[in-house]
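Trainee: give me the fold of what follows.
(one chain, ligands or ions: 3)
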Amino acid sequence: MWRSAARRSSQIRRLLSSSAPPAGAGAAVPGPCIVHKRGNDILHDPWYNKDTAFPMTERDRLGLRGLLPPRVMSFEQQYERFINSYRSLENNTRGEPDSIVALAKWRILNRLHDRNETLYYRVLIDNIKDFAPIIYTPTVGLVCENYSGLFRRPRGMYFSAKDKGEMMSMIYNWPAEKVDMIVVTDGSRILGLGDLGVQGIGIPIGKLDVYVAAAGINPQKVLPIMLDVGTNNEKLLEDKLYLGLRQPRLEGEEYLAVVDEFMEAVHARWPKAVVQFEDFQMKWAFETLQRYRNRFCMFNDDVQGTAGVALAGLLGAVRAQGRPLQDFTNQKIVVAGAGSAGIGVLNMAKQAMLRMPGIHRTGEGHNQFWVLDKDGLITKDREGLDSAVARFARGHGPDEIPDLHEGASLVEVVKKVKPHVLLGLSGVGGIFNEEVLKAMKESDSPRPAVFAMSNPTTKAECTPDDVFKHVGENAIFASGSPFGNISLGNGKTGYANQANNMYLFPGIGLGALLSGARHISDGMLQAAAECLASYITDNEIRKGILFPSVSRHITAQVGAAVVRAAVSEDLAEGCCDVGPRELASMSELETVDYVARKMWYPVYSPLVSDK
Ligand SMILES: NC(=O)c1ccc[n+]([C@@H]2O[C@H](COP(=O)([O-])OP(=O)(O)OC[C@H]3O[C@@H](n4cnc5c(N)ncnc54)[C@H](O)[C@@H]3O)[C@@H](O)[C@H]2O)c1
Ligand SMILES: O=C(O)C[C@H](O)C(=O)O
Ligand SMILES: [Mg+2]
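Mentor: Ligands and ions are numbered 1, 2, ... in the order given. A predicted model of the protein is given here:
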């Protein structure tokens with residue numbers, strides 16, 4: 001009697017749940033939601049899974065009774081258990097090589113990610129400073145290098161050169177109804193590690209984890225994507241375990257045809273999704289940016305996100321000298337690296353200088369930059385100079401420093417220019433060596449700034465120890481990957497800032513999404529950079545602190561600045577139930593509040609209605 005009643009009620013539930021909204025669509029609705037899965041299907045779905053925290057009512061009504069140990073744990077107990085096991089892993093691996101420890105930490109976090117997204121994202125949000133070096137640079141680089149061996153289950157989508165003509169239907173294989181944020185790579189320049197082919201998928205995954213943690217993008221609405229167009233990495237092509245296409249990279253029109261088809265497919269299914277291009281080699285980074293930026297809501301993080309972060313750092317270096325911001329136009333800046341990131345930074349820094357009062361004396365011809373690539377100083381004598389780089393090549397005018405010839409070495413340039421800032425985006429570890437840093441000591445700045453922005457840690461142009469030792473205690477240091485602060489004695493600290501695009505891309509993506517902008521304009525990017533630059537107080541700057549820790553607070557500010565810029569440029573079309581007029585009527589504070597309120601926060605929601 002009891003059994004048949006139970007069977008009947010479970011049939012009714014099943015019938016009811018078949019008309020319930022699909023996973024994802026319902027999850028964003030506040031209040032109790034009815035899950036359409038049962039039993040093991042729920043336990044194996046990281047979005048719904050609560051492990052031992054399923055209350056008895058849910059265990060009864062979702063067919064979970066008997067599938068879990070009887071004791072019901074609280075979320076707080078589960079949280080504590082995870083953190084304890086993470087800490088004991090740290091204790092047990094003390095003294096082991098860094099890479100072994102880092103991969104072990106990545107595995108334990110990744111397993112939680114695969115099992116229980118609510119708990120995963122909560123520990124990530126609460127411990128972002130500790131966990132960012134694991135899910136993001138530098139460990140993510142190690143994960144990409146070892147991806148084929150570490151592979152257990154797929155995450156995200158893979159479009160390959162073999163899928164030509166199929167992408168429009170493939171895009172519908174993704175189970176979520178709605179996608180807001182996509183990060184895509186072709187794996188051709190993964191951090192400073194070069195061409196890693198399909199193994200580069202770790203980068204979009206890591207970037208989207210930062211989106212969830214720092215920008216509150218709902219993890220059901222993010223999509224990491226790998227465009228596998230082959231690889232030119234011989235080692236990978238010969239590796240029996242390699243999981244990507246075993247063919248050389250597509251080039252020219254063939255390459256663009258694949259990316260075009262992918263972008264059309266994404267746009268057809270999710271016209272409002274923001275697409276972030278990540279770690280494309282320079283030629284394709286620039287080409288795809290020009291090709292798509294006015295047609296789709298997209299940006300290139302390495303070119304545009306990095307530029308904003310570097311600009312904020314450069315302006316911070318001016319403030320640290322106790323000078324007014326417009327003095328930026330007089331700063332001498334040496335940049336090692338004329339690739340997608342270096343040129344992106346130079347363009348934005350130049351634009352910022354041209355907007356400053358007093359620059360009219362020389363306008364576009366005003367060149368405060370000395371740029372080097374793998375062949376040394378770039379001058380107008382360089383043959384076959386790319387037009388993007390030519391704008392910064394040194395000439396032969398009266399303002400030029402004598403004897404600084406084409407191809408001059410970094411140390412020669414630093415000795416003769418005595419720059420205020422030395423910035424590295426070369427992807428070559430250690431090139432800011434003792435000789436170069438000792439030359440920086442003679443800088444014309446009372447606070448010489450050294451930005452070693454290449455990733456991962458092994459590719460940093462120098463370390464903070466080197467800088468505070470050879471340049472001096474007044475130096476300012478920032479790096480792309482995290483380093484610890486340095487004790488300078490007498491209670492003084494040498495701050496190891498992290499200058500990484502992770503301060504900006506979450507706010508750019510979230511702001512673009514909430515504004516509903518058709519595309520991401522220079523004005524929106526500039527607003528993001530200016531917001532970051534003004535975030536740090538004068539007191540912090542004086543100490544040598546240039547950047548805040550990554551947090552939802554800074555993302556809300558940057559996101560709001562992006563929304564407001566989109567509104568003022570008449571690009572905003574609004575998002576969900578908030579239209580452009582409502583966005584336009586919000587004050588600055590109201591916009592920040594609106595952006596913050598739109599952020600998803602991980603809590604276990606009821607899976608059965610109590611009615
Ligand atoms: N911190 C951040 O937020 C951030 C953002 C983007 C890129 N990056 C890092 O910047 C590095 C470069 O990225 P990219 O996309 O510009 O790469 P890229 O391959 O497009 O450019 C590298 C540039 O460095 C030059 N170079 C090589 N050896 C050099 C040397 N010895 N001296 C001076 N220049 C040299 C190359 O000629 C080229 O111009 C990577 O390590 C990447 O991880 C950091
Ligand atoms: O991924 C990072 O840490 C920063 C940047 O996007 C890079 O390519 O190095
Ligand atoms: Mg990148």
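Trainee: grab the nearest non-local neighbour of L119.
Mentor: Q78 (5.8 Å; Cβ to Cβ, 6 or more residues apart in numbering). Backbone N, C-alpha and C define where each C-beta goes, glycine included.
Trainee: that neighbour: what secondary structure?
Mentor: State at Q78, reduced to three classes by DSSP: H, G, I helix; E, B strand; the rest coil: helix.
Trainee: do I have it right that it meets T52?
Mentor: Yes. Contact between Q78 and T52 holds when scored by Cβ atoms under 8 Å: they sit 6.7 Å apart.
Trainee: those two: who's more crowded?
Mentor: Each of Q78 and T52 has its neighbours counted (other Cβ atoms under 10 Å); Q78 has more, 21 against 14.
Trainee: which residues touch that one?
Mentor: Contact analysis of Q78 by Cβ atoms under 8 Å, 6 or more residues apart in numbering lists 51-53, 116, 119.
Trainee: do the same with D301
Mentor: Contact analysis of D301 by Cβ under 8 Å, 6+ apart lists 183, 207, 276-278, 501, 505.
Trainee: distance check, the closest residue to ligand 1 within the stretch 151-300 of the chain against L103.
Mentor: Ligand 1 sits closest to G192 of the stretch 151-300 of the chain, with a gap of 2.7 Å, by Cβ to the nearest ligand atom. With the distance defined as Cβ to Cβ, to the nearest Å, G192 ends up 19 Å from L103.
Trainee: can you name the residue of the stretch 251-400 of the chain nearest to ligand 1?
Mentor: Ranked by Cβ to the nearest ligand atom, the top residue of the stretch 251-400 of the chain for proximity to ligand 1 is G339, at 1.8 Å.
Trainee: grab the nearest non-local neighbour of that residue.
Mentor: M282 (4.8 Å).
Trainee: what's the burial count for the one you found?
Mentor: M282 has 20 neighbours, counted by other Cβ under 10 Å.
Trainee: which ones are touching the closest residue to ligand 1 within the stretch 451-600 of the chain?
Mentor: The nearest approach of the stretch 451-600 of the chain to ligand 1 comes at G480, 2.9 Å away (Cβ to the nearest ligand atom). G480 makes contacts with 137, 452-455, 460, 498-500, as judged by Cβ under 8 Å, 6+ apart.
Trainee: picking up where we left off before, check contacts around the residue of the stretch 251-400 of the chain closest to ligand 1.
Mentor: Contacts for G339 (Cβ under 8 Å, 6+ apart) come out as 282, 373, 425-427.
Trainee: need the residues you listed in a markdown table (columns: secondary structure and distance to ligand 1).
Mentor: What follows is the contacts of G339, written out as a markdown table (DSSP: H, G, I helix; E, B strand; the rest coil; distance: Cβ to the nearest ligand atom, whole Å):
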| residue | secondary structure | distance to ligand 1 |
| --- | --- | --- |
| M282 | helix | 4 |
| D373 | strand | 3 |
| L425 | coil | 4 |
| S426 | coil | 4 |
| G427 | coil | 3 |
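Trainee: select only the buried ones of those in ChimeraX?
Mentor: Command for ChimeraX that selects the buried part of the contacts of G339, burial taken from 16 or more other Cβ atoms under 10 Å:
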select :282,373,425,426,427
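Trainee: JSON lines for the contacts of D301, including neighbour count and pLDDT?
Mentor: Formatted as JSON lines, the contacts of D301 follow (neighbours: other Cβ atoms under 10 Å; pLDDT from 0 to 100):
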{"residue": "V183", "neighbour count": "27", "pLDDT": "98"}
{"residue": "K207", "neighbour count": "27", "pLDDT": "98"}
{"residue": "Q276", "neighbour count": "26", "pLDDT": "98"}
{"residue": "F277", "neighbour count": "27", "pLDDT": "98"}
{"residue": "E278", "neighbour count": "27", "pLDDT": "98"}
{"residue": "N501", "neighbour count": "26", "pLDDT": "97"}
{"residue": "F505", "neighbour count": "30", "pLDDT": "98"}
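Trainee: sort out which of those residues are in strands and list them.
Mentor: Using DSSP state E, the subset of the contacts of D301 located in strands is 183, 276-277.
Trainee: which of these lies closest to A312?
Mentor: Here the nearest of the ones in strands among the contacts of D301 to A312, counting by Cβ to Cβ, is Q276; it sits at 19.0 Å.
Trainee: tell me the contacts of the closest one?
Mentor: 181-184, 207, 298-301, 505, 509.
Trainee: just checking, A307 is part of a strand?
Mentor: No. A307: not assigned to a strand; according to three-state DSSP it is helix.
Trainee: that one is in contact with M348, isn't it?
Mentor: Yes. Assessed by Cβ under 8 Å, A307 is found in contact with M348 at 3.7 Å.
Trainee: now do the shared contacts for those two.
Mentor: Counting by Cβ under 8 Å, 6+ apart, the residues touching both A307 and M348 are 525, 529.
Trainee: helix or strand: which one has the residue nearest to H113 when sequence neighbours are not counted?
Mentor: Spatially, and ignoring its direct neighbours in sequence, H113 is nearest to Y120 (4.6 Å; Cβ to Cβ, 6+ apart). Following DSSP states H and E, one finds Y120 within helix 117-126.
Trainee: elements contacting that helix?
Mentor: If contacts are counted by 3 or more Cβ pairs under 8 Å, 6 or more residues apart in numbering; DSSP states H and E, helix 117-126 sits against helix 75-92, helix 98-115, helix 128-135, helix 202-215.
Trainee: what ranges does the stretch 151-300 of the chain have for its helices?
Mentor: 167-170, 202-215, 234-238, 252-269, 282-292 (DSSP state H, counting those that start in this stretch).
Trainee: so for L589, which of the ones you listed sits nearest?
Mentor: Evaluated with Cβ to Cβ, those place helix 202-215 nearest to L589, the distance being 19.1 Å.
Trainee: how far is the closest one from where the chain is centred?
Mentor: Here helix 202-215 is found 6 Å from its chain centre; the criterion is Cα atoms, centre = their mean, to the nearest Å.
Trainee: can you tell me if that helix touches ligand 3.
Mentor: No. Counting by Cβ under 5 Å from the ion, ligand 3 has no neighbours in helix 202-215; the shortest distance is 6.5 Å.
Trainee: how about A566: what's its closest non-neighbour residue?
Mentor: Nearest to A566 is S515, by Cβ to Cβ, 6+ apart, at 3.7 Å.
Trainee: hmm, the one you found is touching A572, no?
Mentor: Yes. Contact between S515 and A572 holds when scored by Cβ under 8 Å: they sit 4.2 Å apart.
Trainee: the two: which has the busier surroundings?
Mentor: S515 (30 against 27).
Trainee: got the contact list for the more buried one?
Mentor: For S515, the contacting residues are 524, 562-563, 566-567, 571-575, 583, by Cβ under 8 Å, 6+ apart.
Trainee: any idea how far A102 lies from V259?
Mentor: Distance from A102 to V259, by Cβ to Cβ: 32 Å.
Trainee: around ligand 3, pick out the residues from the stretch 201-350 of the chain.
Mentor: Residues of the stretch 201-350 of the chain found near ligand 3 (Cβ under 5 Å from the ion) are 278-279, 302.
Trainee: circling back to that earlier point, biggest separation within the contacts of G339, which pair?
Mentor: Largest separation among the contacts of G339 by Cβ to Cβ: M282 and S426, giving 12.5 Å.
Trainee: thank you kindly, that will do.
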